[in-house]
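> Show me how the following folds:
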Amino acid sequence: MGQETFTAAQKRSGGATLPTTANGATRGGARTTSLIPRGRQIHKTFNNIKITILCGFVTILVLRGTIGLGNLVSSESEAENQNIIEETNRILAEIRSDKDPDDLSELSEPEVNPNVTYTLGPKISNWDQERKIWLDRNPNFPNFVNGKARILLVTGSPPNPCDNAIGDHYLLKSIKNKIDYCRLHGIEIVYNMAHLDKELAGYWAKLPLIRRLMLSHPEVEWIWWMDSDALFTDMVFEIPLSKYDNYNMVIHGYPDLLFNQKSWIALNTGSFLFRNCQWSLDLLDTWAPMGPKGAIRDEAGRILTANLKGRPAFEADDQSALIYLLISQKDQWMDKVFVENAYFLHGYWAGLVDRYEEMIEKYHPGLGDERWPFVTHFVGCKPCGSYGDYPVEKCLRSMERAFNFADNQVLKLYGFRHRGLVSPKIKRIRNETITPLEFVDQFDIRHSAHRSSSGSQS
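Below is the predicted model:
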């Protein structure tokens with residue numbers, strides 16, 4: 001760029017020359033002769049020529065120097081940009097490698113002994129009593145607020161950046177969707193990006209996190225896990241917690257698939273609730289030993305594939321492990337597990353996203369079932385990863401539709417909606433008014449949810 005800037009200036013360097021003679025003036029046509037002697041005039045002319053040449057030479061040097069400086073600045077800028085790019089790539093590679101070269105003092109964790117049963121932590125056997133004492137001593141942190149059990153929604157994503165930038169964008173949309181729902185329904189939320197136990201990575205990372213949150217938040221009555229690829233699509237519907245007064249776990253599934261067919265997809269652990277109690281800690285302690293990566297997880301995977309209908313051969317996952325556990329130890333656990341399918345605590349996306357227009361035309365939010373699904377779960381899409389079970393374009397388009405379908409329910413209060421279910425742009429749907437409170441009563445989801453819950457209770 002510097003060369004182009006100064007090329008024109010370089011072409012203009014041959015400017016007007018200095019005068020080499022002193023011309024006499026004429027008055028009335030009379031000729032006047034020069035008063036300067038001829039020898040001195042020739043000498044002066046020579047000096048003028050020398051000055052002209054010297055000025056031209058200096059001009060050329062200045063221009064060349066300027067052009068050269070431009071090249072130097074440009075080269076330095078390019079080198080600096082290249083250094084920034086290399087440093088950025090190094091940091092990203094370092095993050096993805098899950099190593100910290102500066103943390104030399106960190107002690108290496110011992111390897112898991114396959115001959116010793118893996119545990120999530122020290123065995124706790126009196127949690128219900130300890131928690132009750134704590135709640136009595138801390139009345140400012142009740143587990144029920146205005147008659148409603150306190151819920152903590154837990155979600156998260158890996159600590160590393162996504163393999164592609166669009167994955168991070170959809171993670172942002174996913175957490176925005178969850179924040180909106182929690183804000184509207186008075187639910188607290190935790191977004192986790194840390195692996196609390198290096199042995200339980202991947203599918204299993206939720207188990208140590210749930211346990212730690214239970215023990216750290218005794219004021220919370222229910223821990224609600226939700227995968228990052230699951231979206232709320234009914235922003236009015238509320239979980240009927242009173243239905244589960246005698247249960248400690250609520251999970252979407254089908255009893256026939258679970259006990260009669262022993263199917264590996266009988267339940268879905270992408271969205272489920274745990275009561276904060278001793279029973280839940282005991283189940284986590286029994287569930288986790290199949291999860292440590294390596295030989296233990298591989299061997300557990302072979303057992304699960306041999307015992308669950310339709311399961312492919314791969315390492316143990318948390319969902320298959322829970323299904324196997326509830327089947328093989330039914331008498332110990334099932335009396336406190338509610339297998340829910342009256343509404344979509346988990347709704348498989350492939351059969352839902354193309355029906356949103358039909359739902360809008362025929363039904364209304366607040367139903368939570370196949371007419372207006374509570375949760376749409378993008379199982380198999382993996383927008384943050386470099387692979388998935390479905391084409392990336394189909395998954396991203398479907399996730400965009402689900403997000404906008406839900407977002408329209410939020411934007412309605414403010415007088416806007418998306419131009420289409422695949423468009424991030426919005427448009428106004430009603431004009432401003434001097435009586436705005438009438439729209440709050442009419443369109444606020446919190447009012448709709450209250451009326452819906454009151455109607456269901458009556």
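
> Contact partners for M235?
Contacts for M235 were tallied using Cβ atoms under 8 Å, 6 or more residues apart in numbering; they are 180-181, 184, 365, 406, 409-410, 445. Any C-beta I mention is one placed from the backbone N, CA and C, and that applies to glycine too.

> ok, 10 Å please
Counting by Cβ atoms under 10 Å, 6 or more residues apart in numbering, M235 makes contact with 177, 180-181, 184-185, 365-366, 372, 374, 405-410, 412, 445, 448-449.

> The strand ranked longest in the chain pairs with which strands, parallel or anti?
Using DSSP state E, we find that the single longest strand of the chain is strand 267-275. Neighbouring strands of strand 267-275 in its sheet, by DSSP bridges, are strand 222-226 (antiparallel), strand 249-253 (antiparallel).

> which is the next helix or strand following the last one?
Counting by DSSP states H and E, the element after strand 249-253 in chain order, helix or strand, is helix 255.

> List of residues touching that following helix?
Against helix 255 from outside (Cβ under 10 Å, 6+ apart): 266-267, 334, 339, 341.

> Specify which member of the residues you listed is nearest to L135.
M334 (28.0 Å; Cβ to Cβ).

> Let me know the helix or strand that the residue lying closest to that closest one once chain neighbours are set aside is in.
Counting by Cβ to Cβ, 6 or more residues apart in numbering, M334 lies nearest to L326, which is 6.0 Å off, once chain neighbours are set aside. Using DSSP H and E, L326 maps to helix 318-328.

> rewinding a little: name the helices or strands packed onto the next helix or strand after the longest strand of the chain?
Moving toward the C-terminus from strand 267-275, the next helix or strand (DSSP H and E) is helix 278-287. Contacts defined by 3 or more Cβ pairs under 10 Å, 6 or more residues apart in numbering; DSSP states H and E place helix 278-287 against helix 127-137, helix 206-216, strand 249-253, strand 267-275, helix 318-328, helix 330-333.

> Now the helix holding L326 - C-alpha only, CSV.
Taking Å, rounded to 0.1, in the frame of the first residue of the first chain, the C-alpha atoms of helix 318-328 are listed here in CSV:
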residue,chain,number,x,y,z
ASP,A,318,-24.9,-42.4,31.6
GLN,A,319,-28.3,-43.0,30.1
SER,A,320,-27.8,-46.7,29.3
ALA,A,321,-26.2,-47.2,32.8
LEU,A,322,-29.2,-45.6,34.5
ILE,A,323,-31.7,-47.8,32.5
TYR,A,324,-29.7,-50.9,33.3
LEU,A,325,-29.5,-49.9,37.0
LEU,A,326,-33.3,-49.4,37.3
ILE,A,327,-34.1,-52.6,35.5
SER,A,328,-31.6,-54.8,37.5
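
> Next, the angle helix 206-216 makes with it.
80 degrees (axes from the mean of the first three to the mean of the last three Cα atoms, to 10 degrees).

> residues of helix 318-328 that come out buried?
Within helix 318-328, the residues scored as buried using 16 or more other Cβ atoms under 10 Å are 318-327.

> How about stretch 171-188?
Buried-residue list, stretch 171-188, by 16+ other Cβ under 10 Å: 171, 173-175, 177-178, 180-182, 184-185, 187.

> Now do it: distance to the chain's middle.
12 Å (Cα atoms, centre = their mean, to the nearest Å).

> same question, stretch 406-421
21 Å.

> quick check: mean pLDDT across it?
Confidence for stretch 406-421, expressed as mean pLDDT, is 88.

> D197 against L284, yeah?
No - taking contacts as Cβ atoms under 10 Å, D197 lies outside contact range of L284: 11.9 Å.
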